[in-house]
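J.: Requesting a structural model of the entry that follows:
(one chain, ligands or ions: 1)
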Amino acid sequence: MEKFSNVNELVNTLKPVKPIYCIRPSAIKNAIKFFKEKFPGKILYAVKTNPNEYVLKNIINNGIDRFDVASIDEVKTIKKLSHKSKLFFMHPIKSRDDISEAYFSYNVRDFSLDTKDELLKILESTNNAKDLNLFVRVAVSNEHAELDLSRKFGAISGEAIGLVRLCKQHAKKLGISFHVGSQCMHKISFSKSLKEISNIIKKTKIIPDTINVGGGFPSIYPDLRPEPLENYINEIKLGLGHLKLEKLPEIICEPGRALVAESGSTIVKVNLRKKNKLYINDGTYGSLFDAGVPNFILPSKLITNGRVQSKKITAFQFYGPTCDSLDFMKGPFLLPNNVKEGDYIELGQLGAYGLTFRTKFNGFYSNTIVELNDKPIMSLYDNAGKINYLVA
Ligand SMILES: *Cc1c(COP(=O)(O)O)cnc(C)c1O
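T.: Model prediction:
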């Protein structure tokens, strides 16, 4: 992979016609270091967040050896890169073929479920294996999350109690897990979810071997500024304390976004300007899906290459390159007012879910990926969410 010391060098050298995706390994390293130092348990990386091999290698090299996978292809990807790593099949709904292959060919023993039907499917697909670690995924409120997962997955309280009892009979180890929703903006979601687990423990008198507090740990965006991650971790510790168990179960978490969001960015080129609308060469069918319907506001920086930039900052909307009108990003993306056709813009915070969603719609696809060794673009923003161009 080509490496550059900063964005200007990259643009001057490559003068890219297509979008370029940039990875900053230092951001991955720092995020993992934080979780390893602070989180009171084991850390699984949620592979779907960024399954790029180079990113995965960085994650592995920084000491992560447990992975949350959702498909047999994710199982194979990780096993190819790191044979020793331990895989947790945490998608609550899996095909029989995927379960069998994961169990018999890849030694996967940890599976999640939120219905009795899925439990039976897992048992049948593994010839009633006696060495399964089964996680009951309970539904918890996703009210503080930017992306709500609670309608799709999770057993509600009454069902969860029945499932915990049933899984206890069939599992070697029993786990209970939840997910507060992605980019969770309030730490209280974690303690409330642990309270749900506490109720299940009281009602069933079954203490799980493992509690999985899931993902949802937030990253920072210009308009989404959660309190420090350390406060979330402290809230989890507090919630675990309130369980009042003599011996705490094993604790695990499955961060995706919080480990990789800062590490990725995309350099786009402006094809046309219509007043405050910029038609750029990447969009919601490329690496900018989250800027579309989910309306994530990405940090944006004009790469001026020495050209004097206007002091007036203007709010822009973006249109992507395809012919689909859904290929629209509302923003607002703040940029100097003198942006024009041919300019390059860096869009940050795309390490999470940026590479995941790319398509070849209309023939627009770019797979040029480079390494950068400067600071992630979000670090140029001040606390009010404005980019500090003087620092840049
Ligand atoms: C997507 C997902 C994660 C990661 O979520 P983030 O919000 O990116 O941290 C973790 N666990 C499960 C089961 C998931 O589906």
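
J.: Near D65, how many other residues are there?
T.: The local packing of D65 (other C-beta atoms under 10 Å) involves 15 other residues. Yep, even glycine has a C-beta here, placed from its N, CA and C like the rest.

J.: Quick check: it touching L81?
T.: No: assessed by C-beta atoms under 8 Å, D65 is found out of contact with L81, at 11.0 Å.

J.: near the ligand, which residues of the chain show up?
T.: Applying C-beta under 6 Å from any ligand atom, we find that the chain lies next to the ligand at 46, 48-49, 68, 90, 179, 182, 214-217, 254-258, 352.

J.: Let's see that with 5 Å instead.
T.: Residues of the chain lying close to the ligand by C-beta under 5 Å from any ligand atom are A46, T49, M90, S182, G215, G216, E254, P255, G256, R257.

J.: Redo the residues you listed as TSV? Include secondary structure.
T.: Below are those laid out as TSV (DSSP: H, G, I helix; E, B strand; the rest coil):
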residue	secondary structure
A46	strand
T49	helix
M90	coil
S182	strand
G215	coil
G216	coil
E254	coil
P255	coil
G256	coil
R257	helix
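
J.: who wins for neighbours among these?
T.: Within the residues of the chain next to the ligand, G216 tops the neighbour count with 30 neighbours, counted by other C-beta under 10 Å.

J.: Residues in contact with both of D65 and L81, list them for me.
T.: Contact criterion C-beta atoms under 8 Å, 6 or more residues apart in numbering; residues shared by D65 and L81: none found.

J.: any chance of the residues of the chain next to the ligand in CSV, plus pLDDT?
T.: As requested, those are exported to CSV (pLDDT from 0 to 100):
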residue, pLDDT
A46, 98
T49, 97
M90, 97
S182, 95
G215, 97
G216, 97
E254, 98
P255, 98
G256, 97
R257, 97
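
J.: In those residues, find the pair that's most separated.
T.: M90 and R257 (15.5 Å; C-beta to C-beta).

J.: who's in contact with the nearest residue to F104 once chain neighbours are set aside?
T.: Spatial nearest neighbour of F104, chain neighbours left out: T126 (7.7 Å); criterion: C-beta to C-beta, 6 or more residues apart in numbering. The contact partners of T126, by C-beta under 8 Å, 6+ apart, come to I99, S100, Y103, F104, L132.

J.: what's T126 sitting at in phi/psi?
T.: Phi and psi for T126, reported as degrees, to the nearest 10, are phi -120, psi 20.

J.: Not counting residues beside it along the chain, what's closest to the residue in the stretch 51-200 of the chain that the ligand sits nearest to?
T.: Per C-beta to the nearest ligand atom, the residue of the stretch 51-200 of the chain with the smallest distance to the ligand is S182, at 3.3 Å. Distances taken as C-beta to C-beta, 6+ apart place L147 nearest to S182, at 4.0 Å, with adjacent residues excluded.

J.: What's the separation between whatever residue of the stretch 101-250 of the chain ends up closest to the ligand and P255?
T.: Among all residues of the stretch 101-250 of the chain, G215 sits closest to the ligand, at 2.6 Å; criterion: C-beta to the nearest ligand atom. Distance, G215 to P255, by C-beta to C-beta, to the nearest Å: 5 Å.
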